[in-house]
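> turn this into a structure:
(one chain, ligands or ions: 2)
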Amino acid sequence: MAGNSSDVLSPKQPPLPSPLRFSKFFQVIVADNYFTGSKDNLKKWIGHPRFELIRHDVTEPLTIEVDQIYHLACPASPIFYKYNPVKTIKTNVIGTLNMLGLAKRVGARILLTSTSELYGDPLVHPQPESYWGNVNPIGVRSCYDEGKRVAETLMFDYHRQHGIEIRVARIFNTYGPRMNIDDGRVVSNFIAQAIRCPSFLSQSLVCFSGEPLTVQSPGTQTRSFCYVSDLVDGLIRLMEGSDTGPINLGNPGEFTMLELAETVKELINPDVEIKVVENTPDDPRQRKPIITKAMELLGWEPKVKLRDGLPLMEEDFRLRLGFDKKN
Ligand SMILES: NC(=O)c1ccc[n+]([C@@H]2O[C@H](COP(=O)([O-])OP(=O)(O)OC[C@H]3O[C@@H](n4cnc5c(N)ncnc54)[C@H](O)[C@@H]3O)[C@@H](O)[C@H]2O)c1
Ligand SMILES: O=c1ccn([C@@H]2O[C@H](COP(=O)(O)OP(=O)(O)O[C@H]3OC[C@@H](O)[C@H](O)[C@H]3O)[C@@H](O)[C@H]2O)c(=O)[nH]1
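Ligands and ions are numbered 1, 2, ... in the order given. Presented below is the predicted three-dimensional model:
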(Lines give C-alpha, C1' and ligand atoms only; values in the text may rest on other atoms or scores of the structure.)
(Ligands and ions follow the chains in the order given, each with its own letter.)
Protein backbone atom coordinates (compact mmCIF):
# COMPACT_ATOMS: atom_id res chain seq x y z
CA MET A 1 0.00 0.00 0.00
CA ALA A 2 1.33 3.42 -0.79
CA GLY A 3 0.67 6.85 0.61
CA ASN A 4 1.71 10.10 -1.08
CA SER A 5 4.38 12.02 0.74
CA SER A 6 6.04 15.37 0.32
CA ASP A 7 9.33 14.15 1.78
CA VAL A 8 11.31 13.68 -1.42
CA LEU A 9 14.69 12.00 -0.88
CA SER A 10 17.37 14.38 0.31
CA PRO A 11 20.39 14.62 -2.02
CA LYS A 12 22.57 12.97 0.66
CA GLN A 13 20.65 9.74 0.56
CA PRO A 14 21.82 7.04 -1.88
CA PRO A 15 19.44 6.16 -4.73
CA LEU A 16 16.82 3.64 -3.68
CA PRO A 17 17.12 0.18 -5.18
CA SER A 18 14.11 -1.25 -7.00
CA PRO A 19 11.19 -1.57 -6.20
CA LEU A 20 11.07 1.59 -4.06
CA ARG A 21 12.84 3.37 -6.95
CA PHE A 22 9.44 3.42 -8.66
CA SER A 23 7.86 5.08 -5.68
CA LYS A 24 10.32 7.68 -4.51
CA PHE A 25 7.50 10.02 -3.60
CA PHE A 26 5.58 7.33 -1.73
CA GLN A 27 5.51 5.97 1.74
CA VAL A 28 4.97 2.22 1.65
CA ILE A 29 2.98 0.29 4.23
CA VAL A 30 3.10 -3.51 3.94
CA ALA A 31 0.37 -5.48 5.71
CA ASP A 32 0.93 -9.25 5.94
CA ASN A 33 -0.19 -12.06 8.23
CA TYR A 34 2.97 -14.07 7.30
CA PHE A 35 1.02 -17.18 6.33
CA THR A 36 3.26 -17.72 3.30
CA GLY A 37 5.21 -14.47 3.45
CA SER A 38 8.44 -13.88 5.31
CA LYS A 39 9.91 -10.92 7.17
CA ASP A 40 13.29 -11.98 5.79
CA ASN A 41 12.27 -10.80 2.32
CA LEU A 42 11.60 -7.35 3.74
CA LYS A 43 14.50 -6.98 6.14
CA LYS A 44 16.43 -4.53 3.98
CA TRP A 45 13.51 -2.11 4.14
CA ILE A 46 12.83 -2.37 7.88
CA GLY A 47 14.02 0.86 9.45
CA HIS A 48 13.70 2.87 6.22
CA PRO A 49 11.95 6.16 7.09
CA ARG A 50 9.24 5.71 4.49
CA PHE A 51 8.60 2.00 5.01
CA GLU A 52 6.30 0.42 7.55
CA LEU A 53 5.48 -3.23 8.14
CA ILE A 54 2.39 -4.30 10.04
CA ARG A 55 1.19 -7.76 11.00
CA HIS A 56 -2.36 -7.79 9.78
CA ASP A 57 -4.84 -10.32 8.45
CA VAL A 58 -6.98 -8.87 5.64
CA THR A 59 -9.99 -10.81 6.86
CA GLU A 60 -10.07 -8.12 9.57
CA PRO A 61 -10.79 -4.45 8.73
CA LEU A 62 -7.76 -2.18 8.34
CA THR A 63 -7.94 1.51 9.19
CA ILE A 64 -5.08 3.45 7.62
CA GLU A 65 -4.76 6.41 5.24
CA VAL A 66 -3.49 5.50 1.75
CA ASP A 67 -3.79 6.60 -1.86
CA GLN A 68 -3.16 3.29 -3.57
CA ILE A 69 -3.77 -0.29 -2.49
CA TYR A 70 -1.99 -3.24 -4.08
CA HIS A 71 -4.21 -6.06 -2.81
CA LEU A 72 -2.01 -9.17 -3.12
CA ALA A 73 -2.83 -10.93 0.15
CA CYS A 74 -3.71 -14.57 -0.52
CA PRO A 75 -1.75 -17.82 -0.51
CA ALA A 76 -0.98 -18.58 -4.17
CA SER A 77 0.66 -21.99 -4.21
CA PRO A 78 -1.90 -24.79 -4.58
CA ILE A 79 -0.52 -26.73 -1.58
CA PHE A 80 -0.89 -23.65 0.62
CA TYR A 81 -4.27 -22.45 -0.62
CA LYS A 82 -5.68 -25.98 -0.28
CA TYR A 83 -4.26 -26.37 3.25
CA ASN A 84 -7.06 -24.32 4.82
CA PRO A 85 -9.61 -23.81 2.04
CA VAL A 86 -12.16 -22.00 4.20
CA LYS A 87 -9.51 -19.47 5.19
CA THR A 88 -8.52 -19.09 1.51
CA ILE A 89 -12.12 -18.25 0.58
CA LYS A 90 -12.37 -15.81 3.50
CA THR A 91 -9.15 -14.14 2.41
CA ASN A 92 -10.44 -13.73 -1.12
CA VAL A 93 -13.98 -12.66 -0.24
CA ILE A 94 -13.87 -10.97 3.19
CA GLY A 95 -10.30 -9.78 2.58
CA THR A 96 -11.25 -8.17 -0.72
CA LEU A 97 -14.39 -6.64 0.85
CA ASN A 98 -12.23 -5.14 3.60
CA MET A 99 -9.72 -3.75 1.12
CA LEU A 100 -12.55 -2.30 -1.00
CA GLY A 101 -14.07 -0.82 2.16
CA LEU A 102 -10.73 0.81 2.91
CA ALA A 103 -10.50 2.11 -0.69
CA LYS A 104 -14.01 3.53 -0.40
CA ARG A 105 -13.39 5.24 2.95
CA VAL A 106 -10.17 6.98 1.88
CA GLY A 107 -10.84 7.32 -1.88
CA ALA A 108 -7.88 5.14 -2.83
CA ARG A 109 -7.27 3.34 -6.11
CA ILE A 110 -7.16 -0.43 -5.60
CA LEU A 111 -5.45 -3.13 -7.65
CA LEU A 112 -6.41 -6.80 -7.26
CA THR A 113 -3.96 -9.54 -8.18
CA SER A 114 -6.39 -11.97 -9.76
CA THR A 115 -5.26 -15.08 -11.54
CA SER A 116 -5.18 -17.23 -14.65
CA GLU A 117 -6.88 -19.85 -12.42
CA LEU A 118 -10.03 -17.89 -13.16
CA TYR A 119 -10.00 -19.64 -16.55
CA GLY A 120 -10.05 -23.03 -14.78
CA ASP A 121 -9.27 -25.90 -17.15
CA PRO A 122 -9.65 -23.69 -20.21
CA LEU A 123 -11.55 -24.83 -23.27
CA VAL A 124 -10.30 -21.79 -25.18
CA HIS A 125 -6.57 -21.71 -25.85
CA PRO A 126 -4.69 -19.39 -25.53
CA GLN A 127 -6.79 -17.38 -23.08
CA PRO A 128 -8.08 -13.85 -23.82
CA GLU A 129 -9.59 -11.74 -21.03
CA SER A 130 -13.01 -12.14 -22.71
CA TYR A 131 -13.03 -15.89 -21.93
CA TRP A 132 -15.28 -16.66 -18.94
CA GLY A 133 -13.52 -19.84 -17.97
CA ASN A 134 -14.26 -23.46 -17.16
CA VAL A 135 -14.10 -23.77 -13.38
CA ASN A 136 -15.25 -26.60 -11.11
CA PRO A 137 -17.25 -24.78 -8.38
CA ILE A 138 -16.96 -27.60 -5.82
CA GLY A 139 -13.47 -28.95 -6.39
CA VAL A 140 -10.37 -28.75 -4.22
CA ARG A 141 -9.04 -25.73 -6.15
CA SER A 142 -12.38 -23.85 -5.95
CA CYS A 143 -11.50 -22.05 -2.70
CA TYR A 144 -8.87 -20.21 -4.74
CA ASP A 145 -10.28 -19.92 -8.25
CA GLU A 146 -13.91 -19.30 -7.27
CA GLY A 147 -12.63 -17.05 -4.46
CA LYS A 148 -10.74 -14.94 -6.99
CA ARG A 149 -13.76 -14.90 -9.29
CA VAL A 150 -15.88 -13.45 -6.46
CA ALA A 151 -13.07 -11.02 -5.67
CA GLU A 152 -13.20 -9.77 -9.28
CA THR A 153 -17.01 -9.49 -9.05
CA LEU A 154 -16.69 -7.42 -5.86
CA MET A 155 -14.13 -5.15 -7.52
CA PHE A 156 -16.42 -4.40 -10.47
CA ASP A 157 -19.54 -3.99 -8.28
CA TYR A 158 -17.74 -1.50 -6.02
CA HIS A 159 -16.59 0.29 -9.17
CA ARG A 160 -20.08 0.47 -10.68
CA GLN A 161 -21.98 1.10 -7.44
CA HIS A 162 -19.55 3.32 -5.53
CA GLY A 163 -17.27 4.71 -8.24
CA ILE A 164 -14.16 3.13 -6.72
CA GLU A 165 -11.10 3.28 -8.99
CA ILE A 166 -10.18 -0.33 -9.62
CA ARG A 167 -7.45 -2.24 -11.48
CA VAL A 168 -7.59 -5.99 -12.02
CA ALA A 169 -4.59 -8.05 -13.13
CA ARG A 170 -4.93 -11.70 -14.15
CA ILE A 171 -1.52 -13.12 -13.37
CA PHE A 172 -0.08 -16.28 -14.91
CA ASN A 173 2.44 -18.52 -13.10
CA THR A 174 5.16 -16.17 -11.86
CA TYR A 175 8.52 -17.19 -10.41
CA GLY A 176 11.71 -15.58 -9.20
CA PRO A 177 14.28 -15.14 -6.45
CA ARG A 178 13.07 -15.03 -2.83
CA MET A 179 10.18 -17.44 -3.39
CA ASN A 180 9.79 -19.81 -0.45
CA ILE A 181 12.12 -22.77 -1.02
CA ASP A 182 9.21 -25.03 -0.05
CA ASP A 183 6.54 -22.96 -1.81
CA GLY A 184 5.41 -26.06 -3.70
CA ARG A 185 4.94 -24.47 -7.12
CA VAL A 186 6.62 -26.16 -10.00
CA VAL A 187 9.52 -23.80 -10.75
CA SER A 188 10.68 -23.49 -7.15
CA ASN A 189 10.23 -27.26 -6.64
CA PHE A 190 12.33 -28.17 -9.69
CA ILE A 191 15.09 -25.67 -8.89
CA ALA A 192 15.36 -26.79 -5.25
CA GLN A 193 15.29 -30.46 -6.31
CA ALA A 194 17.99 -29.93 -8.96
CA ILE A 195 20.23 -28.11 -6.49
CA ARG A 196 19.71 -30.63 -3.69
CA CYS A 197 20.64 -33.52 -5.98
CA PRO A 198 24.45 -33.65 -5.78
CA SER A 199 25.92 -33.54 -9.27
CA PHE A 200 29.38 -34.75 -8.20
CA LEU A 201 28.10 -38.34 -7.73
CA SER A 202 29.05 -39.46 -11.21
CA GLN A 203 27.99 -38.60 -14.69
CA SER A 204 27.02 -42.21 -15.27
CA LEU A 205 24.88 -42.61 -12.13
CA VAL A 206 21.41 -41.25 -11.76
CA CYS A 207 20.90 -39.06 -8.77
CA PHE A 208 19.69 -41.72 -6.33
CA SER A 209 20.66 -39.98 -3.11
CA GLY A 210 19.07 -36.63 -3.93
CA GLU A 211 15.61 -35.65 -5.01
CA PRO A 212 14.34 -36.24 -8.53
CA LEU A 213 12.41 -33.59 -10.42
CA THR A 214 8.81 -34.50 -9.60
CA VAL A 215 6.78 -34.06 -12.77
CA GLN A 216 3.12 -34.54 -11.94
CA SER A 217 1.38 -36.74 -14.48
CA PRO A 218 0.90 -36.67 -17.34
CA GLY A 219 3.62 -34.02 -17.74
CA THR A 220 2.10 -32.78 -21.00
CA GLN A 221 0.07 -30.10 -19.19
CA THR A 222 1.33 -26.63 -20.08
CA ARG A 223 2.05 -23.39 -18.24
CA SER A 224 3.42 -19.97 -19.17
CA PHE A 225 6.07 -18.71 -16.76
CA CYS A 226 6.61 -15.02 -16.06
CA TYR A 227 9.71 -13.66 -14.32
CA VAL A 228 8.96 -11.58 -11.23
CA SER A 229 10.53 -8.29 -12.41
CA ASP A 230 8.39 -8.37 -15.57
CA LEU A 231 5.28 -8.94 -13.46
CA VAL A 232 6.10 -6.11 -11.04
CA ASP A 233 6.63 -3.78 -14.00
CA GLY A 234 3.22 -4.82 -15.38
CA LEU A 235 1.46 -4.29 -12.04
CA ILE A 236 2.89 -0.78 -11.66
CA ARG A 237 1.92 0.14 -15.23
CA LEU A 238 -1.59 -1.15 -14.59
CA MET A 239 -1.91 0.79 -11.31
CA GLU A 240 -0.59 4.01 -12.87
CA GLY A 241 -2.56 3.62 -16.14
CA SER A 242 -6.19 4.41 -16.88
CA ASP A 243 -7.67 1.00 -17.73
CA THR A 244 -9.58 -0.98 -15.10
CA GLY A 245 -8.71 -4.35 -16.63
CA PRO A 246 -9.03 -7.24 -16.26
CA ILE A 247 -5.69 -7.54 -18.01
CA ASN A 248 -3.67 -10.71 -18.47
CA LEU A 249 -0.10 -10.38 -17.18
CA GLY A 250 1.98 -13.38 -18.14
CA ASN A 251 4.68 -14.60 -20.44
CA PRO A 252 3.16 -16.16 -23.57
CA GLY A 253 5.97 -18.73 -23.84
CA GLU A 254 4.23 -22.09 -23.26
CA PHE A 255 5.97 -25.19 -21.86
CA THR A 256 4.90 -28.67 -20.87
CA MET A 257 6.03 -29.70 -17.38
CA LEU A 258 8.29 -32.31 -18.99
CA GLU A 259 9.90 -29.55 -21.09
CA LEU A 260 10.36 -27.44 -17.98
CA ALA A 261 12.00 -30.38 -16.19
CA GLU A 262 14.34 -31.00 -19.16
CA THR A 263 15.28 -27.31 -19.21
CA VAL A 264 16.02 -27.25 -15.46
CA LYS A 265 18.06 -30.44 -15.82
CA GLU A 266 20.07 -29.01 -18.71
CA LEU A 267 20.69 -25.62 -17.08
CA ILE A 268 21.11 -26.58 -13.43
CA ASN A 269 22.04 -30.22 -12.97
CA PRO A 270 22.39 -32.74 -15.83
CA ASP A 271 22.63 -35.58 -13.26
CA VAL A 272 19.19 -35.11 -11.77
CA GLU A 273 16.54 -37.73 -12.47
CA ILE A 274 13.08 -36.85 -13.79
CA LYS A 275 10.30 -38.82 -12.15
CA VAL A 276 6.62 -38.77 -13.12
CA VAL A 277 4.48 -38.74 -9.96
CA GLU A 278 0.76 -38.65 -9.24
CA ASN A 279 -1.09 -35.40 -9.92
CA THR A 280 -3.76 -33.64 -7.86
CA PRO A 281 -7.42 -33.21 -8.95
CA ASP A 282 -8.54 -30.55 -11.44
CA ASP A 283 -5.04 -29.62 -12.56
CA PRO A 284 -5.56 -27.37 -15.62
CA ARG A 285 -4.27 -29.01 -18.80
CA GLN A 286 -3.18 -25.87 -20.61
CA ARG A 287 -2.45 -22.22 -19.89
CA LYS A 288 -1.14 -19.46 -22.13
CA PRO A 289 -2.12 -15.81 -21.98
CA ILE A 290 -3.07 -13.58 -24.87
CA ILE A 291 -1.37 -10.33 -23.87
CA THR A 292 -2.54 -8.01 -26.66
CA LYS A 293 -4.45 -5.86 -24.13
CA ALA A 294 -1.38 -5.43 -21.91
CA MET A 295 0.76 -4.57 -24.93
CA GLU A 296 -1.69 -2.04 -26.33
CA LEU A 297 -3.03 -0.47 -23.13
CA LEU A 298 0.04 -0.64 -20.87
CA GLY A 299 2.88 -0.80 -23.40
CA TRP A 300 3.92 -3.93 -21.50
CA GLU A 301 5.41 -7.22 -22.53
CA PRO A 302 7.71 -9.57 -20.65
CA LYS A 303 11.43 -9.25 -21.31
CA VAL A 304 12.95 -12.17 -19.36
CA LYS A 305 12.89 -15.52 -21.13
CA LEU A 306 12.54 -18.70 -19.07
CA ARG A 307 16.13 -19.74 -19.88
CA ASP A 308 17.39 -16.41 -18.52
CA GLY A 309 15.14 -16.30 -15.47
CA LEU A 310 15.87 -19.82 -14.19
CA PRO A 311 19.61 -19.18 -13.56
CA LEU A 312 18.76 -15.96 -11.65
CA MET A 313 16.49 -17.93 -9.38
CA GLU A 314 19.05 -20.75 -9.10
CA GLU A 315 21.64 -18.26 -7.81
CA ASP A 316 19.34 -17.10 -5.01
CA PHE A 317 18.23 -20.66 -4.11
CA ARG A 318 21.86 -21.87 -3.96
CA LEU A 319 22.72 -19.09 -1.53
CA ARG A 320 19.77 -19.86 0.72
CA LEU A 321 20.19 -23.64 0.54
CA GLY A 322 23.92 -23.36 1.18
CA PHE A 323 24.94 -25.28 -1.96
CA ASP A 324 27.52 -23.50 -4.07
CA LYS A 325 27.91 -24.31 -7.75
CA LYS A 326 30.77 -26.82 -7.15
CA ASN A 327 28.73 -29.20 -4.97
N1 LIG B 1 2.82 -15.97 -8.31
C2 LIG B 1 1.88 -16.39 -9.14
O3 LIG B 1 2.13 -17.26 -9.98
C4 LIG B 1 0.49 -15.80 -9.10
C5 LIG B 1 -0.37 -16.09 -10.14
C6 LIG B 1 -1.65 -15.57 -10.09
C7 LIG B 1 -2.05 -14.75 -9.07
N8 LIG B 1 -1.18 -14.48 -8.08
C9 LIG B 1 -1.66 -13.66 -6.97
O10 LIG B 1 -0.67 -12.71 -6.58
C11 LIG B 1 -0.68 -12.56 -5.16
C12 LIG B 1 0.69 -12.83 -4.58
O13 LIG B 1 1.10 -14.13 -4.97
P14 LIG B 1 2.49 -14.74 -4.52
O15 LIG B 1 2.92 -15.67 -5.57
O16 LIG B 1 3.43 -13.65 -4.09
O17 LIG B 1 1.99 -15.59 -3.28
P18 LIG B 1 2.64 -15.87 -1.87
O19 LIG B 1 1.87 -16.96 -1.24
O20 LIG B 1 4.10 -16.03 -2.04
O21 LIG B 1 2.38 -14.49 -1.11
C22 LIG B 1 1.11 -14.14 -0.63
C23 LIG B 1 1.27 -13.17 0.52
O24 LIG B 1 -0.01 -12.90 1.09
C25 LIG B 1 0.08 -13.06 2.52
N26 LIG B 1 -1.25 -13.44 3.01
C27 LIG B 1 -1.93 -14.59 2.78
N28 LIG B 1 -3.12 -14.57 3.39
C29 LIG B 1 -3.20 -13.37 4.03
C30 LIG B 1 -4.18 -12.76 4.86
N31 LIG B 1 -5.33 -13.36 5.14
N32 LIG B 1 -3.92 -11.53 5.35
C33 LIG B 1 -2.75 -10.90 5.08
N34 LIG B 1 -1.78 -11.43 4.32
C35 LIG B 1 -2.01 -12.66 3.79
C36 LIG B 1 1.13 -14.12 2.70
O37 LIG B 1 1.66 -14.16 4.01
C38 LIG B 1 2.15 -13.70 1.65
O39 LIG B 1 3.00 -12.66 2.10
C40 LIG B 1 -1.77 -13.51 -4.64
O41 LIG B 1 -2.96 -12.79 -4.49
C42 LIG B 1 -1.94 -14.51 -5.76
O43 LIG B 1 -3.23 -15.06 -5.79
C44 LIG B 1 0.08 -14.97 -8.05
O1 LIG C 1 6.49 -30.51 -8.18
C2 LIG C 1 5.63 -30.19 -9.01
C3 LIG C 1 4.67 -29.17 -8.80
C4 LIG C 1 3.75 -28.89 -9.77
N5 LIG C 1 3.77 -29.58 -10.96
C6 LIG C 1 2.83 -29.25 -12.05
O7 LIG C 1 3.19 -27.97 -12.51
C8 LIG C 1 2.05 -27.29 -13.01
C9 LIG C 1 2.02 -25.92 -12.39
O10 LIG C 1 1.69 -26.05 -11.02
P11 LIG C 1 1.98 -24.90 -9.94
O12 LIG C 1 1.83 -25.53 -8.61
O13 LIG C 1 3.25 -24.21 -10.25
O14 LIG C 1 0.79 -23.87 -10.10
P15 LIG C 1 -0.35 -23.56 -11.18
O16 LIG C 1 0.23 -23.10 -12.47
O17 LIG C 1 -1.28 -24.71 -11.23
O18 LIG C 1 -0.99 -22.32 -10.46
C19 LIG C 1 -0.15 -21.16 -10.36
O20 LIG C 1 -0.40 -20.26 -11.36
C21 LIG C 1 -1.61 -19.58 -11.28
C22 LIG C 1 -1.73 -18.90 -9.94
O23 LIG C 1 -2.94 -18.28 -9.78
C24 LIG C 1 -1.53 -19.84 -8.86
O25 LIG C 1 -1.52 -19.08 -7.69
C26 LIG C 1 -0.24 -20.51 -9.01
O27 LIG C 1 -0.02 -21.46 -8.05
C28 LIG C 1 0.86 -28.17 -12.66
O29 LIG C 1 0.47 -28.88 -13.83
C30 LIG C 1 1.38 -29.16 -11.64
O31 LIG C 1 0.75 -30.43 -11.73
C32 LIG C 1 4.70 -30.57 -11.18
O33 LIG C 1 4.74 -31.20 -12.24
N34 LIG C 1 5.60 -30.85 -10.20
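
> what's near enough to touch the residue nearest to the spatial centre of the chain?
Among the residues of the chain, the one closest to the centroid is residue 174, at 4.9 Å (C-alpha atoms, centre = their mean). Contacts for residue 174 (C-beta atoms under 8 Å, 6 or more residues apart in numbering) come out as 225-228, 231, 250. Where you see a C-beta, it was placed from the backbone N, CA and C, and this is true even at glycine.

> so which of these belong to helices?
228, 231 (DSSP state H).

> which two from the contacts of residue 174 end up farthest apart in space?
Using C-beta to C-beta, the contacts of residue 174 reach their maximum pairwise distance at 228 and 250, which is 12.2 Å.

> the more surrounded of those two?
Higher neighbour count among residue 228 and residue 250: residue 250, with 29 against 17, using other C-beta atoms under 10 Å.

> in its sheet, which strands sit next to the host helix or strand of residue 275, and in what direction?
Following DSSP states H and E, one finds residue 275 within strand 274-277. Using DSSP bridges, the strands paired with strand 274-277 are strand 213-216 (parallel).

> may I see the buried residues of the partner strand?
Using 16 or more other C-beta atoms under 10 Å as the test for burial, strand 213-216 gives 213-215.

> contacts for stretch 114-123 next, please.
Residues from elsewhere that reach stretch 114-123 (C-beta under 8 Å, 6+ apart): 76, 127, 131, 133-136, 141, 144-145, 148-149, 151-152, 168-173, 246, 248, 250, 282-287, 289.

> and the residues you listed, which of them are buried?
76, 127, 131, 133, 135, 141, 144-145, 148-149, 151-152, 168-173, 246, 248, 250, 282, 284, 286-287, 289.

> the residues you listed in helices, which ones?
Within those, residues falling in helices by DSSP H are 144-145, 148-149, 151-152.

> export those residues to a markdown table and tack on pLDDT?
Putting these into a markdown table (pLDDT from 0 to 100) gives the following:
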| residue | pLDDT |
| --- | --- |
| 144 | 98 |
| 145 | 97 |
| 148 | 98 |
| 149 | 98 |
| 151 | 98 |
| 152 | 98 |
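
> among those residues, which one lies nearest to residue 310?
Closest to residue 310, out of all of these and judged by C-beta to C-beta, is residue 144, at 25.3 Å.

> what sits against the closest one?
Residue 144 neighbours (C-beta under 8 Å, 6+ apart): 74-75, 78, 81-82, 88, 92, 115, 117.

> can you get me a residue count around the nearest residue to it once chain neighbours are set aside?
Excluding its sequence neighbours, the residue lying closest to residue 144 (C-beta to C-beta, 6 or more residues apart in numbering) is residue 81, at 4.3 Å. When counting by other C-beta under 10 Å, one arrives at 27 neighbours for residue 81.
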